[in-house]
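**Student:** predicted model, plus sequence, below.
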Amino acid sequence: MPPDLWALYALMLESRLFEEAVASLWHDGLISGEMHLGTGEEAIVAGVVAHLREGDAMALDHRGTAALLMRGVDPALILRELLGHPDGLCGGMGGHMHLFSKEHLAASSGIVGAEGPAAVGFALSAQVLRPGAIAVAFFGEGAMNQGMLMESLNLASAWNLPVVFVCKDDGWAITTHSARVTGGDLTDRARGLGVQAAEVDGRDVSAVWEACRPAIERARSGGGPAFLRARCVHLEGHFLGFQLLRMVREPLREMPRIAVPLTGAFLHPGGAGLRERLAGLRTVLEAVLATLRDPRRDPANDPVRRARAALHLEEARLEELEAQVKEALNDVLAATLVEAPA
Amino acid sequence: MPPDLWALYALMLESRLFEEAVASLWHDGLISGEMHLGTGEEAIVAGVVAHLREGDAMALDHRGTAALLMRGVDPALILRELLGHPDGLCGGMGGHMHLFSKEHLAASSGIVGAEGPAAVGFALSAQVLRPGAIAVAFFGEGAMNQGMLMESLNLASAWNLPVVFVCKDDGWAITTHSARVTGGDLTDRARGLGVQAAEVDGRDVSAVWEACRPAIERARSGGGPAFLRARCVHLEGHFLGFQLLRMVREPLREMPRIAVPLTGAFLHPGGAGLRERLAGLRTVLEAVLATLRDPRRDPANDPVRRARAALHLEEARLEELEAQVKEALNDVLAATLVEAPA
Amino acid sequence: MKTMFFTQAIDDALAQSMADDPRVILFGEDIPLMRRNLLVRFGPERVRGTPISESTFLGAGVAAAMTGLRPVVEVYMVDFLGVAMDALLNHAAKVKAFSGGKWTAPLVVRAPCGGGYGDGGQHEQSLWGWLAHIPELTILVPSTPADAGGLMLAALQHDGPVIFLEHKLLSETWLEFLGSGARRTVQFDVPAAGAKGAVPSKWRPLPIGKAILRRAGDDVMIVSVGVGVHRAQAAAQTLEAEGISAGVLDLRTVSPLDKPAICEAVAHTGRLLVVDEDYESFGLSGELAAVVLEAGISCSYARVCTQTTLPYARQLEDQSLPNQQRICASVRQLLQEQ
Amino acid sequence: MKTMFFTQAIDDALAQSMADDPRVILFGEDIPLMRRNLLVRFGPERVRGTPISESTFLGAGVAAAMTGLRPVVEVYMVDFLGVAMDALLNHAAKVKAFSGGKWTAPLVVRAPCGGGYGDGGQHEQSLWGWLAHIPELTILVPSTPADAGGLMLAALQHDGPVIFLEHKLLSETWLEFLGSGARRTVQFDVPAAGAKGAVPSKWRPLPIGKAILRRAGDDVMIVSVGVGVHRAQAAAQTLEAEGISAGVLDLRTVSPLDKPAICEAVAHTGRLLVVDEDYESFGLSGELAAVVLEAGISCSYARVCTQTTLPYARQLEDQSLPNQQRICASVRQLLQEQ
Ligand SMILES: Cc1ncc(C[n+]2csc(CCOP(=O)(O)OP(=O)(O)O)c2C)c(N)n1
Ligand SMILES: Cc1ncc(C[n+]2csc(CCOP(=O)(O)OP(=O)(O)O)c2C)c(N)n1
Ligand SMILES: [Mg+2]
Ligand SMILES: [Mg+2]
């Protein structure tokens, strides 16, 4: 059975448009605190979530919105939560890093790596109470260095739990290039913990869907855990207002704020020799340059565009679908924002 | 350069006799609390410690006595510590699981896995302050499932730290057969964390010495961390008075205490069906049977005997050496026990 | 009348719950052998051994509790919660709030605690007052077999995370396993009434958050939990001979505190002595001071607690733990002050 | 006179220390970019980025401190210490005792703390009273740039583990990074005197364990730390208009407490109000009650603290944090009682 690309595209598009609306509300100051979007990882989330059934559970990280939407949580409830309404998904108590839906057996956490233990616990319940059901964990490649996540892979293997660990590998943990602080290979690491592992291009929703199907089927039928590493790019950087992206997008405003004190410190007497200072400077510049050469600029990195391109021959159907998704979202926005507090 | 087996044997013998004396003091009630011996793992400790130099540091687990003795800590100080004297190694504040010697840059911990972060910290100091110095971590295979230990391997790799991780693999974590709760292969796991890894027969002191030499040399010269997995057998089980060993050694006294309530519970109405009950019983029996078929009974598992066998042709020298070690120990015991509190 | 040892009572209550409720499962390191009597009755699916991965199996307990199970997660000692604190601080304790009150994590964390058998400072901590700082965690510290069983049953029926602390000095099983290892050559100062005692023929849940007055008294009220309760009772007996009437209130639940019982008992005597094996500062003893002051009760106050890392040497250890002598001295001092 | 922002002052004091003492090194997640000005001056060997492995890099900090370095280990938020608590509870705090007083771990743990910008309950905790329960940890919570820099210097010279908490609402850097992300559309209730202020031209260590009286008062003494100090000062001003004279004592060090200063201040007013952004129960507010009772000071007492998991919604959050309104109401109540 091939993937239903139309359905997958619809999931991704809904999520993308929703998160773009969230971004604009955040910029308008209607949403407080940090805001991590899932834009860019939609193919991974859609490709996995499309396989889920009633009774399956999800452990989510700080980018949980896309997975919840695709799993069928009412977008209005999420939106109201992000806006801090008392009738939001979590009564305004959770916010975007702590979105919970008991009905969908889905829990988020802002603690990097905590998705591991959570998914293992969900999978344990499934194993004991709901045979055939599974749990999924979504997390980044940075989280793979968090001890409890590694422990989780091992425990899932030891208990032969029905859980699929999905590593959304964008190569970055905030401003840290993960390769610089990660030893070995993550896929080998999962295998060294006794978990079957596979890699896939996380920008290609069909590929993700296909890659995770056998893993999910095996987990459902008692074959134990799996690890899927899917590479992607986060289109908005780590979170909204991300400093590195700001430097690229508004260099005239941002650069002096960074560069002036940096130059002062670089030239300040007392401290390391020139060689070490230059090495330090290189580290900073590399992070900035990595952003400049940002793969975000490459349309091939946008999973929504890629899926759309694959469907573009049926233009009428595409337009209809898109209009439908947009209208639904607009309805939600209109209904919610009317009553937003000043 | 081949290993100096005489020197290694002396290290092992000193440790063995010291720990046997400790065991007898413990049985006499002069030492309180838990008491984990290193008897059986001496070849691993000696084979590694013999390579250490001034400025090298050691992070030890709950079986730290052997490593401290071999590193040159005054046995009288350790003994007085175990007896709780105010002039013991740690002023009577540490006890056997928390032996510290600042002079030798050696610290123990009763927290399984904590040797990982400790060794990484020691290695960081070495890298920055004492180039050419290294750190060693000793821990069991059970500890390899503790998140912070896995993290440590990764951090050591990321920072290219001069640290050698020594896994003393006896296959058991107290009453748990580690293979049952460990996914994958530990050596692969270390590699998946970016650390060079090797395996060796931990009952053969020369083999350990040879296996860890290149690792230590590489670490000293900036080549980064290494992982050494060495299999061994703990001759006294997990700790003194270990229940599973007691059952084997004093079956008439111990068996009924275990078997009577066990049978009662097995036959108790309410609970699982017979099949699950039998599976439960099998788990208990397997642990007991593993002890009965205990590899401890095989002299090949005793590293001290094995080293001795390799030296037995020079009998006179052997006897002289052994007499010397015994005498030194007896002096320590005599001097300390005279003043022991009632 | 049936009597039981302390740990036996807990395991018995657990067995009763497991027979009644198939959602109750146990896991932790060495649990198959430590709880072997439950294993052979309820099977390996419900009584599981874990790797040495506390943060994961405790975190998994939280999630399993959210999705229909009633896990009893055992850690080897409360001290080792250090490696797994995130599961309690940021997950178990937060589920209810984050879900807007719609979801809870009814798990029981069972952990041996306390000192007095020479294991040293990383293995003999109490930490109940520390854990109680975190909102939404219920902390139970029984001092008798009957309370231990009854509170375990209550914990299993409670709709949120419960930490159930089992004092090793009261536990024949743990003392044997860790302290004596079957030698007859060591003795510990075990409070007899805590180690073994009468238990009901069928377990019923005891109310969470209810203290019990172990001994009435007019001059001073000694408030404590766990082994401290027995030390306080022994001290009260000694003090009686000196004509001092000391009451003893056993909190049983550290969080939530039984504020009415505390206030009533202290108001009656006008003097409060807190006996707490946990660390002195920023813990139970302070909270009790706040509770009485908030209630507008004026009283004289003292505390006998553990002030430092517990020493390994038995003699030093005995002096560091709240003992009868320190309690008596503190009561006499309190009475002199006025 | 020089003025600085709060975080700028800390980093400046750090730079001074790093220039003076080559043993001082920094590490933590994203530290190369977060402390880029120190990186380009002191080089990548002394300013290091870590993987997301808090338990290891914090534990490594302890061991590095034992063997000659003076590490400043940064965690992203104090909340995340949950995953690394073992390093503090069972290692940093125990080295001195276990080594018989011969060895110490002079490390500084630097962590942003506190709420007020809408990040929710896993990211806005204070936890200073929780950490202070552990003997041998020094806990610093500055409320002004001058104190922040001076206490960082003191921390680096202290011969044991220090937790240095940097309130995010006072930190222009953290608020910008986490809260506003450079948008101009959000505002936070930042206490101006805490966010920016006069600093000495050269940093000198401030004494650890010394409180400072921010405002004298006769009717009630408000004792607080961090942002709470500023809220208390604002409240005291409001109350002044009503004829109520409220003093404000800024503890600056949560552990060890400046008991003489506390007792003196409370004895003078006979009324103690604790304002604490950390959780109410089993924490700082309780310990302060115990300190005054132990000293035999009779006073009326109240506390305005965070009682529950902090809500995400800004309005709910504002009501949960100790705010001016709650403080004023509590003071009025205290004055009515007598
Ligand atoms: C335990 C913990 N440590 C640190 C953080 C701060 N933090 C939040 S997101 C993040 C980076 C995560 O990187 P990754 O796992 O790759 O996910 P990504 O953001 O790239 O999707 C960090 C370090 C945290 N939230 N929790
Ligand atoms: C964090 C932590 N969890 C659990 C324990 C209890 N414990 C002490 S030793 C041990 C087994 C260790 O097994 P292994 O690492 O293989 O070492 P071995 O005893 O076999 O030498 C356990 C579980 C502990 N001390 N610390
Ligand atoms: Mg990433
Ligand atoms: Mg082992």
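**Tutor:** Thanks, I have it. If you're wondering where the values come from, they're calculated on a predicted model, not measured in any experiment. Numbers count the residues shown, from 1 in each chain, chains lettered A, B, ... in the order given. Ligands and ions are numbered 1, 2, ... in the order given.
**Student:** okay, CA-based contacts and neighbour counts for the rest of this
**Tutor:** Noted.
**Student:** isn't residue C:284 up against residue C:275?
**Tutor:** No: using CA atoms under 8 Å, residue C:284 is not in contact with residue C:275, being 9.3 Å away.
**Student:** higher neighbour count, the two?
**Tutor:** residue C:284 (34 against 31; other CA atoms under 10 Å in any protein chain shown).
**Student:** just give me the neighbour total for the residue in chain C positioned nearest to ligand 2.
**Tutor:** Nearest to ligand 2 in chain C, going by CA to the nearest ligand atom, is residue C:80, at a distance of 4.9 Å. Counted by other CA under 10 Å, the residues lying close to residue C:80 total 23.
**Student:** per-residue confidence at it?
**Tutor:** Residue C:80 is assigned 98 on the pLDDT scale.
**Student:** let me see the domain layout of chain C.
**Tutor:** For chain C, automatic domain parsing gives the domain ranges C:2-199, C:212-336.
**Student:** ranking those domains by burial, who's on top?
**Tutor:** Most buried of the domains of chain C by mean neighbour count (mean count of other CA atoms under 10 Å in any protein chain shown) is domain C:2-199; its value is a mean of 24.
**Student:** can you show me the strands along the chain?
**Tutor:** All of this is about chain A. Counting by DSSP state E, one finds strands in chain A at the ranges A:57-60, A:100-101, A:106-108, A:135-140, A:163-169, A:172-173, A:176-177, A:196-201, A:226-231.
**Student:** wait, chain C was what I had in mind.
**Tutor:** Per DSSP E, chain C carries strands over the ranges C:3-5, C:24-28, C:47-49, C:70-74, C:108-113, C:138-140, C:162-167, C:196-198, C:212-215, C:220-224, C:246-250, C:253-255, C:271-279, C:300-306.
**Student:** residues in contact with the fourth one?
**Tutor:** Spelled out, it's strand C:70-74. C:23-29, C:31, C:57-58, C:61, C:64-65, C:106-111, C:156 (CA atoms under 8 Å, 6 or more residues apart in numbering or on different chains).
**Student:** which of the strands of chain C sits closest to residue D:231?
**Tutor:** strand C:253-255 (29.0 Å; CA to CA).
**Student:** other SSEs contacting the closest one?
**Tutor:** Applying 3 or more CA pairs under 8 Å, 6 or more residues apart in numbering or on different chains; DSSP states H and E, we find strand C:253-255 packed against strand C:138-140.
**Student:** and the stretch 201-342 of chain A, which residues reach ligand 1?
**Tutor:** residue A:238 (CA under 6 Å from any ligand atom).
**Student:** please enumerate the helices of the stretch 201-342 of chain A.
**Tutor:** Secondary structure of the stretch 201-342 of chain A (DSSP state H, counting those that start in this stretch): helices at A:205-220, A:243-249, A:251-267, A:274-292, A:303-311, A:315-338.
**Student:** does the fourth one come close to chain D?
**Tutor:** Which is helix A:274-292. Yes: Helix A:274-292 lies within reach of chain D by CA under 8 Å from any CA of the partner chain, at A:276-281, A:283-284.
**Student:** and that helix, which residues are buried?
**Tutor:** A:276-281, A:283-284, A:287-288, A:291-292 (16 or more other CA atoms under 10 Å in any protein chain shown).
**Student:** repeat for the second one
**Tutor:** Under the neighbour-count criterion of 16+ other CA under 10 Å, helix A:243-249 has A:243-248 buried.
**Student:** show residues contacting that helix.
**Tutor:** Residues from elsewhere that reach helix A:243-249 (CA under 8 Å, 6+ apart): A:175, A:236-237, A:253-255, A:287-288, A:291-292, D:177, D:181.
**Student:** restricting to C-alpha, output that helix in CSV.
**Tutor:** Extracted in CSV, the C-alpha atoms of helix A:243-249 (Å, rounded to 0.1, in the frame of the first residue of the first chain):
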residue,chain,number,x,y,z
GLN,A,243,18.9,35.6,17.4
LEU,A,244,21.0,33.9,14.7
LEU,A,245,18.2,34.2,12.2
ARG,A,246,17.6,37.8,13.2
MET,A,247,21.1,38.6,12.4
VAL,A,248,20.6,37.3,8.9
ARG,A,249,17.2,38.8,8.4
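**Student:** and residue C:125, its phi and psi?
**Tutor:** As for residue C:125, its main-chain torsions (degrees, to the nearest 10) stand at phi -80, psi 160.
**Student:** need the contact list for it.
**Tutor:** C:78-79, C:113-115, C:278, C:310.
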